[in-house]
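Novice: test case, fold it:
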Amino acid sequence: MASIDLEKVLDKAWADKSLPEILAAPVGALKGVSDRDGELLQEAFGVKTVADLAELKYVRWAQALAALDAAE
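Specialist: Numbers count the residues shown, from 1 in each chain. Predicted structure coming up:
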């Protein structure tokens, strides 16, 4: 089972929320992502939530390329 230290990846206000709440949260809930970053992601890609970002095809493509590189 996968696990993650939520305090390392989420803004403090979101660290105690449930996974469904986190996935529905604005991308600014992620540590290091500003409200302005969230606005730009929405303008460029239609990303509004953490789940939207996770499902963004460009993110998936980049992850696949990185995994291929790591496997070599």
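Novice: going forward, measure contacts and count neighbours with C-alpha atoms only.
Specialist: Will do.
Novice: which stretches of the protein have low pLDDT?
Specialist: Counting by pLDDT under 70, the chain has no low-confidence residues at all.
Novice: for it, which helix is longest?
Specialist: The residue-count maximum for a helix in the chain (DSSP state H) belongs to helix 57-71.
Novice: what does that helix contact?
Specialist: The contact list for helix 57-71 (Cα atoms under 8 Å, 6 or more residues apart in numbering) reads 53, 54.
Novice: try it again with 6 Å
Specialist: For helix 57-71, there are no external contacting residues (Cα atoms under 6 Å, 6 or more residues apart in numbering).
Novice: relative to residue 14, how far out is the residue nearest in space to the middle of the chain?
Specialist: Per Cα atoms, centre = their mean, the C-alpha nearest to the average position across the chain is that of residue 50, at 4.7 Å. With distances taken as Cα to Cα, to the nearest Å, residue 50 is found 12 Å from residue 14.
Novice: and the residue nearest to the centre of the chain, what is it in contact with?
Specialist: Residue 50 makes contacts with 23, 25, 26, 27, as judged by Cα under 6 Å, 6+ apart.
Novice: so which bits of the helix or strand where the first one lies are buried?
Specialist: So the one you mean is residue 23. Following DSSP states H and E, one finds residue 23 within helix 19-24. With burial defined by 16 or more other Cα atoms under 10 Å, the residues of helix 19-24 counted as buried are 22, 23.
Novice: just the CA trace of it, in PDB.
Specialist: Extracted in PDB, the C-alpha atoms of helix 19-24 (Å, rounded to 0.1, in the frame of the first residue of the first chain):
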ATOM      1  CA  LEU A  19      -8.400  12.200   1.300                       C
ATOM      2  CA  PRO A  20     -11.700  13.100  -0.500                       C
ATOM      3  CA  GLU A  21     -11.500  16.600   0.900                       C
ATOM      4  CA  ILE A  22      -7.800  16.900  -0.200                       C
ATOM      5  CA  LEU A  23      -8.600  15.700  -3.700                       C
ATOM      6  CA  ALA A  24     -11.400  18.200  -4.000                       C
END
